[in-house]
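Undergrad: the following block contains a protein sequence and its predicted model.
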Amino acid sequence: MAVHIRPIWKFGDGIIGGEMQDAPMNAFHIWWMKQVFTQGYWPWHTPYLYHPLGTDLYWHTLAPIKASMGTLLLPFFDPITSYNLLLLGTFVIVGYSTWLFLRYMIARTSSQDMVTDFAAFAGACVFTLSGYILINVIQHINLLSIEGVPLFLLWYYKYRDTRKARYLTFMALTAFYVSLCEYYYLVYIGLFMALDMSVGVYASGGFFLSRSSWKKPEVIVILKCIAASIIGASPILIMLILHAFPAPINTNHAGSDFPLETLGLIIPGPQSYWFPFLPAFLKAAVSGPAGVSSAGFFVGLFIPSISGYAIWKNIGNCRRYAVIGACFLILSFGPYLMIANQNQHSIATVASIACLMMIPFLKRGRMVRDVFFIFTFAILVDLVIGFTLFRQPLRVMVPLPYILFQNLVPFFGRGGMPCRFVAMTYLMLAVCFSISVATLIRRRFLGLTLIELMVIALFIPSIEFARNAVNFVPYPTMPASVANVIKAELPNVAVFTDAFVASQYEVVLHEHPVSFGRLSRTPLKNINQQNDILHRFLMSADPNPTETEVVELREELKKSNFKYIVLHSVFPKRDLFIRTILNGKVIHFESGLQVYKMYE
């Protein structure tokens, strides 16, 4: 961790990675959980945001279990530093839970010894140093808290192997833990078991929807595991269902945003240590605009090659894990295939991908070979002559299963990102890699010694997944002198503020309710709240109310106990309006922070 999250010793200097949106929001969560424990609040409803209504946090990424852990750090560190330490500690926990899972998966194929422990550690490095964790979610505590997934799979396979009831209990408890970290990971767990069941049925020559398949012992065991996970997560699932309507609004991204960039799997992304060494055309291919594609999910070159050995030999049933990982990978591509930031492709490109997918099946049937020949011929025609439509070069979009998944899986479209499915692909890659490493070490691959092979296996993930330095960026906060003025007020005093994420973190400093909150999914009542008279004029750059509306504004400020107005951008006409028309007294004024006291 010290090597890859460097300079880790500067964790107290500011926000890890300079993530100015989710980081202060999550720092607020730590402070909020402290209020829950000390003041007796209900965790999923806070009066400190969207005053005077308060807001519900049921569909928000609160990660209450991690925020609760963070409260233990508050007596010693400020909320931002506590959040950084919570992230770093979670990174270690993810690695340890993955190691436990991989060690058992290797032990299923051979004896458990020092080689098993080491190969599991190398595999854990593949997962924890992957682009998903080390680059894309290292700044988001709810997404980083994926340690429950490999731990759940550990109990899952132990129950499948032993049929001991205690592992069902462990699965239920782990599912509950996962729901308190990031409830969308419950979908990943459920989908994994469904895919595992489907692959098993089809591999045995059965049909998934046939009655005989559902009577197979393996299927019955998996159904018991699914039932245990549902029971374990039921407290959170029931709570989510009860507060599912009216649907909260995701104002940050839609369910189809951030599909996986295909070339990003084989080309290091912008955060990789190797990115500066790439030629310009490769850099452009994986540097798409935010919100269109997501790069940074490089799987390496040696890691897939080494993993391929266990898949080729089907050691420890690795082909099954590879199929499951491939299914998650296909979902991560989103609704349409994205290549070099484009979702419209030539016939040659599409046919080439189809041919690559058919290569493993060429020996299994004449029809496959015939289709392979047709696609190969189409590639040649497109390259030599070119396919056209309406006198224009033909470009096609390739629809993918995510379109169905997003709309068929209940509530997933409310904010699940397609690229995040790649986490399970990395986990299955780690399984295959660790089993391959253990097998090759025991067979003294290339005649190398045990120590030499171990060193090589250890360094491969660290070298291929090396990222550039992590910045700890200072966060602009309200001066202590200003915060203390507001903090000294009676508890019922509130602060009207603009829609700036700093407003939420400032609650930690002055400890009074504010009119705004950055939520991953905002309740409809709070969306409508932003249309009231206070928001209409105080959020405007040029407020121009009538005399009647001015009177109403003053009454509403007092009625809602908005004694202070805190803004984070300067609009001269608004400033003049607050000072002269509403008689606001300037407490603090600079370009990034203006504070007004509205009445005594």
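TA: Thanks, I have it. Numbering: from 1, shown residues only.
Undergrad: can we go C-alpha only for contacts and neighbour counts from here?
TA: Will do.
Undergrad: quick one: contacts of the strand or helix carrying residue 176?
TA: Assigned by DSSP states H and E, residue 176 belongs to helix 165-179. Helix 165-179 is contacted from outside by 65, 146, 148-149, 151-152, 155-156, 158-159, 185-186, 224-225, 228-236, using CA atoms under 8 Å, 6 or more residues apart in numbering.
Undergrad: next SSE downstream of that helix?
TA: Next along the chain after helix 165-179, taking DSSP H and E as the criterion, comes helix 185-203.
Undergrad: please enumerate the strands of the stretch 401-550 of the chain.
TA: Applying DSSP state E, counting those that start in this stretch to the stretch 401-550 of the chain gives strands spanning 472-473, 494-497.
Undergrad: go through those strands and pick out the most buried.
TA: strand 494-497 (a mean of 27; mean count of other CA atoms under 10 Å).
Undergrad: which residues touch that strand?
TA: Outside strand 494-497, the residues that touch it by CA under 8 Å, 6+ apart are 51, 503, 512-516, 560-567.
Undergrad: in helices, which of these appear?
TA: Judged by DSSP state H, helices contain the following of the contacts of strand 494-497: residue 503.
Undergrad: follow-up on the earlier one: going through the contacts of helix 165-179, which ones are buried?
TA: Neighbour-count burial (16 or more other CA atoms under 10 Å) is assigned, among the contacts of helix 165-179, to 65, 146, 148-149, 151-152, 155-156, 158-159, 185-186, 225, 228-234, 236.
Undergrad: list the contacts of the residue nearest the centre of the chain.
TA: Nearest to the geometric centre of the chain sits residue 143, at 4.0 Å (CA atoms, centre = their mean). Listed by CA under 8 Å, 6+ apart, the contact partners of residue 143 are 137, 181-182.
Undergrad: which single one of the residues you listed is nearest to residue 100?
TA: Closest approach to residue 100 among the contacts of residue 143 (CA to CA): residue 181, at 19.5 Å.
Undergrad: the closest one contacts residue 142, doesn't it?
TA: Yes: taking contacts as CA atoms under 8 Å, residue 181 lies within contact range of residue 142: 5.6 Å.
Undergrad: give me the common contacts of these two.
TA: Counting by CA under 8 Å, 6+ apart, the contacts common to residue 181 and residue 142 are 62-63, 66.
Undergrad: can you put those in TSV and add pLDDT?
TA: Shown next, in TSV, are the shared contacts of residue 181 and residue 142 (pLDDT from 0 to 100):
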residue	pLDDT
62	95
63	96
66	96
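Undergrad: show me those residues that map onto helices.
TA: Cross-referencing the shared contacts of residue 181 and residue 142 against helices under DSSP H gives residue 66.
Undergrad: quick one: which of the shared contacts of residue 181 and residue 142 has the most company?
TA: residue 62 (27 neighbours; other CA atoms under 10 Å).
Undergrad: next, that one: phi, psi?
TA: Note on residue 62: its backbone torsions stand at phi -70, psi -30 [degrees, to the nearest 10].
Undergrad: isn't it right next to residue 141, touching?
TA: No: using CA under 8 Å, residue 62 is not in contact with residue 141; the gap is 9.3 Å.
Undergrad: quick check: neighbours shared by those two?
TA: Among the neighbours of residue 62, those also in contact with residue 141 (CA under 8 Å, 6+ apart) are residue 26.
Undergrad: now do the lengthiest helix in the chain, average pLDDT.
TA: For the chain, the longest helix by residue count, based on DSSP H, is helix 79-107. Taken as a whole, helix 79-107 has a mean pLDDT of 94.
Undergrad: following it, which helix or strand comes up?
TA: Using DSSP H and E, the next helix or strand after helix 79-107 towards the C-terminus is helix 114-128.
Undergrad: how far does the helix or strand of the chain with the lowest mean pLDDT sit from the chain's center?
TA: Every helix and strand of the chain was ranked by mean pLDDT, DSSP states H and E. The lowest is strand 15-16, at a mean of 74. Computed by CA atoms, centre = their mean, to the nearest Å, the chain-centroid distance of strand 15-16 equals 17 Å.
Undergrad: identify the residues contacting that strand?
TA: 23, 80-81, 84, 139, 470-475.
Undergrad: how's the chain carved up into domains?
TA: Listed by automatic domain parsing, the domain ranges of the chain are 1-57+476-600, 58-247+256-317+405-464, 348-394.
Undergrad: distance between the ends of the second one?
TA: For domain 58-247+256-317+405-464, the first-to-last residue distance is 39 Å (CA to CA, to the nearest Å).
Undergrad: and that domain, how far out from the chain middle?
TA: The chain centroid and the centroid of domain 58-247+256-317+405-464 are separated by 12 Å under CA atoms, centre = their mean.
Undergrad: and what of the first one?
TA: Centroid separation between domain 1-57+476-600 and its chain, computed with CA atoms, centre = their mean, is 26 Å.
Undergrad: now do the last one
TA: Domain 348-394 has its C-alpha centroid displaced from the chain centroid by 36 Å (CA atoms, centre = their mean).
Undergrad: report how many residues lie close to residue 419.
TA: Close neighbours of residue 419, defined as other CA under 10 Å, add up to 26.
Undergrad: residue 217 too?
TA: Residue 217: 10 surrounding residues under other CA under 10 Å.
Undergrad: residue 120 too?
TA: Residue 120 sits with 30 neighbouring residues when counted by other CA under 10 Å.
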